[in-house]
Each structure stands twice: as structure tokens, then as C-alpha cells.
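Engineer: no sequence for this one, just the structure:
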């Protein structure tokens, strides 16, 4: 609950300015956060695969899908407290901090939703593969 209080206070301070933001600008900010998360997922998946190949492929820690998936997800996520801390350190250099925090909150929620769909996809795929292997055996 404390994690949500800081962004809420930031956004509340800029309430009057938030009403002036065009929805198109806000949607572009959400889209950019989504695109950044997808780029990080792809980059981290490639990096983990590369580390797996370099460190012995089958004997690597990343040979287990669970380890690979966990590292890719955790390395790709940006946390809301870190985003708020960065915005606070910027001061007013790029605008009102409350306005800057709002797209961060939206991007954070978007990445959580995207990752939940991705994890669900991985679980279903693994379940289908294990059931196909059981049928063959």
C-alpha cells in the first residue's frame, strides 16, 4: 500500500495540469512504455539464450525453462518505486513530476498485464507439451 502512496501524492499535486493533458498524448506514452517492455523482453530472451549457449547449453543453469522464464521476466520489468525515484531526482527538469509519474504508472500496469498473459501462455504451452509427451509414451 505504501508503494502506491508516493505515485498518488505525485499525481495529486499536478491535478490541475493533468486535466489539460490530451488523451492522445497519454496513449502515446502508454504505447511507448509497452514498446520498451517488449524490446526488453526480446533483448533479455536473446541474452539469456546466449549465456546458455556460452556456458554449456544442456548443463547451464538456463537449461531449465523455469529459470530462463524467471530471469527474462524479472530482468525486463521496471518497478514503479524506481520510476518514481528517478522522476523525483529529475526535479522539474522535464516538467511537473506529477505529470511524469502518470505515464510511469500506466506503463507499470501495462507491463504487469502483459507479463500475466505471457506467463499464462507459457504455462499452457508447457501443459500441452507434457500432455502430448504422455500420449506418445
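Structural biologist: Looks like it came in fine. Computed from a prediction, not measured in an experiment: that's the story for all the values here. Numbers count the residues shown, from 1 in each chain.
Engineer: use CA for all of it now, contacts and neighbours both
Structural biologist: Noted.
Engineer: For this protein, which segments count as strands?
Structural biologist: Assigned strands in the chain: none (criterion: DSSP state E).
Engineer: quick one: low-confidence ranges for it?
Structural biologist: 1-19, 91-98, 134-137 (pLDDT under 70).
Engineer: In it, where's the longest helix?
Structural biologist: With secondary structure taken from DSSP state H, the chain has its longest helix at helix 97-136.
Engineer: and it, what does it pack onto?
Structural biologist: Helices and strands touching helix 97-136, by 3 or more CA pairs under 8 Å, 6 or more residues apart in numbering; DSSP states H and E, are helix 2-13, helix 15-18, helix 23-54, helix 80-90.
Engineer: Please identify which of those helices is closest to residue 71.
Structural biologist: Each of the helices and strands packed on helix 97-136 has some distance to residue 71 by CA to CA; the shortest is helix 23-54, at 7.7 Å.
Engineer: Tell me, how many residues neighbour residue 55?
Structural biologist: 14 (other CA atoms under 10 Å).
Engineer: ok, now how distant is it from residue 61?
Structural biologist: 8 Å (CA to CA, to the nearest Å).
Engineer: intersection of neighbour lists for these two?
Structural biologist: With CA atoms under 8 Å, 6 or more residues apart in numbering applied, the contact sets of residue 55 and residue 61 do not overlap.
Engineer: And the longest helix of the chain, what's buried?
Structural biologist: Neighbour-count burial for helix 97-136, counted by 16 or more other CA atoms under 10 Å, picks out 97-111, 115.
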